[in-house]
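Visitor: Using only what follows, build the 3D model:
(one chain, ligands or ions: 2)
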Amino acid sequence: AYSRQKRPTFLCTFDFFQLKVIAIDEQLTVIYEDNVHFDKDLPEFGYVFELCSLITITLDSMKSSGFNFSHVRAFSGAGQQHGSVYWKEGASQILKNLSPDLPLHQLLKACFSVSDSPVWMDSSTTTQCLSLEKAVGGAQHLANITGSRACERFTGNQIAKIYSQNPEFYMQTERISVVSSFAASLFLSAYAPIDYCDGSGMNLLQIRDKIWSTACLNACAPGLEEKLGPVVPSSSVLGSVSPYYIQRYGFSPDCKVVAFTGDNPASLAGMKLEEGDIAISLGTSDTLFLWIKEPVPALEGHIFCNPVDSRAYMALLCFKNGSLIRERIRDDCASGSWDEFSKALKCTVVGNNGNLGFYFDVIEITPEAVGIHRFNSDNNKVVVTYLTHCMPRTRILATGGASYNKEILQVLSDVFSAPVYTIDTANSACLGCAYRAIHGLVAETSVSLGDVVKLAPEPRLVVTPTAGADQVSSFGISSFSISFHFIFCMF
Ligand SMILES: Nc1ncnc2c1ncn2[C@@H]1O[C@H](COP(=O)(O)OP(=O)(O)O)[C@@H](O)[C@H]1O
Ligand SMILES: O=C(CO)[C@@H](O)[C@H](O)COP(=O)(O)O
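Guide: Ligands and ions are numbered 1, 2, ... in the order given. Okay, the predicted model is just below:
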C-alpha cells in the first residue's frame, strides 16, 4: 500500500508505556498508524531496553506489512517530557557500530549507567529542588531563568539526585539524554542534541537566551554541561538516518532526522494551534497548553521555548491525576467500561446539582494536593469565582486517549464555556512530529510550520456548551487549574 510514488514522512512518539507511529504522504494524509504497548507485548523486558524493543517491533511490523521505507524523506519524534537516560562511558562507540542483524535492545545492553531511568511521574527530588532554588536566589528567580520554579520531575533535579545518591553512576555517564533526544540518538547512531523546547523542561536552560544556565548546572552536578551536550532549535535537521536502519529496513541514506521533542510540544504542532486556542491533552497526564509570544514565568505552571517558532513560547499546566484516575473511577463506578462511564456522565445534569469532587490519588502537581475531596451543594469550602480565562473566540482543542470520549469532551465544553474541537487522530503528538519532519526540511529558508501544514485538515467541532452551562453556579471555581480537575469529577 505504501509503494506509491508519494513519499511518506514518518514519525514516532515514545513514552515509557507505549510507542505510536504515524506516516503521512505529501498531501499530509495519514497513510500508516500503529500503537505498541509495553504491558501487552513486552512483559519480560525492563525499562530503557523496552523502548528499544518497541522500536524494533514497530519497524519490523511496518516492514512486514509492506511499508516502503526507501520513500521516507524525513522523520522526527517525541517522547514524554523530563525523563532522562544515562549513557555509560563507551556507549557512543557501541552506538556507532550497530549490526543490522540484531535488534536494538540486544545491541545496547552495555550502554547505560543507570538502569532505572527516571520518568516524569517521579516526585522524589524535593531536597534537590529546594537546593536548586536556594542556589539561584529563590523560586521566582529560577522561574525567570528557566521558565519554571524547581519541579520534582524536571531533569536537572533528577540528575542532581542521581549525582548525590550514586555519584559513581553519574561519573560513569558520558552523556545524558532526555527521552526525546535518546530516541533520536538511536536513529542517528550517535548522540542527538536536546531541542530548545524539551531543554526548557529541565530547570537548566535559560529560556530567553537558549543556552544552559551555568548557575543551574553547577547547582545540580559537576561537569554537567559536557554530559548534556548542545541544545538546538526544535526544527533542526540533525543528520541522516544511520546505516543500521538503511541496511535493516531499507531507509534511503538521504532520509533526514529532524530534532525530536517532547510529547506536549509535538501535540502543539500536530493540532496547528492558533493564538487564542487552548489545547488540552487527555493522555496519561492531563495537560493544558497555549502558544504565547512573551514569557511571563510564574510559580505555577511552566513556560517552554516554542517547538515550532524559536521566537515564541509555550505555556503549560500539567496534572498528574489524569487518565489513571478516570480509569480508577471507571473501574469503581462503571464496571470497567468506558461506555458505562459515558452513560453516567451523560445522565448527570450540568453542574451535578452542585456536588463536586477532587480526586488526587497520587500527590498532584497542580496544585500540590493529595486525597479525595468531595463537596455537596451546601458545602462552602469551594471558593466561588467565575472562570474568566476564555475569550469569546476561544476554541478548546482536545487530544490524547480520553479525547475519544465525547461525554468527557461535553463536560470540558460546559466547564470552559467554549466549543471543543478534535483532529482526526488522538495521536496529535505523532502527527505533529510528521509535520515537524516536513518543516525541518525547509525550516532554514524561514518557511513557517503554518505554511507547511496549511493544507492539513482543520480541527473538527465535536461539542458546544450546553445551554445555560455558564450560569451554573457550581462551576464557579477558584482557579483555572482547579477547574481542570473539576471537569472529571462530576459524577
Ligand atoms: N473511551 C475512552 N474514554 C476515556 N479515556 C480513554 C478512552 N480510551 C482511552 N482512554 C484513556 O487514554 C489514556 C491513554 O491516552 P494516550 O494519549 O494514548 O496516552 P499517553 O499520554 O501515554 O500518550 C489511557 O490511559 C486511557 O485511560
Ligand atoms: O510531565 C509532563 C508535562 O510537563 C507530562 O505531560 C509528560 O510529558 C508525559 O505525559 P504522558 O504522555 O504520560 O501523559
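Visitor: What is the burial count for residue 226?
Guide: Other residues lying near residue 226 total 11 when counted by other CB atoms under 10 Å. C-beta coordinates here come from the backbone N, C-alpha and C atoms, glycine included.
Visitor: Contact residues of the chain facing ligand 2?
Guide: 15, 80-82, 120, 153, 262-264, 283-285, 287, 316, 318 (CB under 6 Å from any ligand atom).
Visitor: Among those residues, which one sits closest to residue 50?
Guide: Checking those against residue 50 by CB to CB gives residue 15 as the nearest, at 10.9 Å.
Visitor: What residue in the stretch 151-300 of the chain comes nearest to ligand 1?
Guide: residue 283 (2.1 Å; CB to the nearest ligand atom).
Visitor: what residue is smack in the middle of the protein?
Guide: Residue closest to the mean C-alpha point of the chain, counted by CA atoms, centre = their mean, is residue 263 at 2.4 Å.
Visitor: Quick check: phi and psi at that residue.
Guide: phi -70, psi -40 (degrees, to the nearest 10).
Visitor: Please pull out the lowest mean pLDDT helix or strand from the protein.
Guide: The helix or strand of the chain with the poorest confidence is helix 480-486; it has a mean of 40 (mean pLDDT, DSSP states H and E).
Visitor: Now do the same for the residue of the stretch 301-450 of the chain found nearest ligand 2: helix, strand or coil?
Guide: As assessed by CB to the nearest ligand atom, ligand 2 sits closest to residue 318 within the stretch 301-450 of the chain, at 3.8 Å. Following DSSP: H, G, I helix; E, B strand; the rest coil, we place residue 318 in the strand state.
Visitor: sorry, back to before: I'd say the residue nearest to the centre of the chain and residue 77 touch.
Guide: No: shown here, residue 263 and residue 77 do not form a contact pair, counting by CB atoms under 8 Å, at 9.7 Å.
Visitor: Can you check the pLDDT for residue 41?
Guide: Looking at residue 41, its pLDDT stands at 50.
Visitor: the longest helix in the chain is where?
Guide: Secondary structure of the chain per DSSP state H: the longest helix is helix 48-64.
Visitor: Show me what that one is packed up against.
Guide: Here helix 48-64 touches strand 9-14, strand 18-24, strand 30-37, helix 38-41, helix 104-107, helix 179-188, helix 243-249, going by 3 or more CB pairs under 8 Å, 6 or more residues apart in numbering; DSSP states H and E.
Visitor: what's the angle between it and strand 30-37?
Guide: 140 degrees (axes from the mean of the first three to the mean of the last three CA atoms, to 10 degrees).
Visitor: Could I get the average pLDDT for the following helix or strand past helix 48-64?
Guide: Heading C-terminal from helix 48-64, the first helix or strand you meet, by DSSP states H and E, is strand 74-79. Average pLDDT, strand 74-79: 94.
Visitor: Pull out the buried residues from strand 74-79.
Guide: 74-79 (16 or more other CB atoms under 10 Å).
Visitor: Residue 176 belongs to a strand?
Guide: Yes: judged by three-state DSSP, residue 176 forms part of a strand.
Visitor: pLDDT score assigned to it?
Guide: pLDDT, residue 176: 98.
Visitor: residues contacting it?
Guide: Contact partners of residue 176, counting by CB atoms under 8 Å, 6 or more residues apart in numbering, are 84-87, 155, 159, 224, 227-228.
Visitor: how far away is residue 371 from residue 273?
Guide: 34 Å (CB to CB, to the nearest Å).
Visitor: out of those two, which sits in the busier spot?
Guide: Between residue 371 and residue 273, counting by other CB under 10 Å, residue 273 is the more crowded of the two (24 against 10).
Visitor: now the more buried one, nearest residue through space, not along the chain?
Guide: Excluding the flanking residues, the one nearest residue 273 by CB to CB, 6 or more residues apart in numbering is residue 291, at 5.0 Å.
Visitor: That neighbour sits in which helix or strand?
Guide: Per DSSP H and E: strand 286-292 holds residue 291.
Visitor: what does that strand contact?
Guide: Contacts of strand 286-292 (CB under 8 Å, 6+ apart): 264, 267-268, 273-275, 277-281, 303, 306, 312-319, 321-323, 400, 480, 484, 488.
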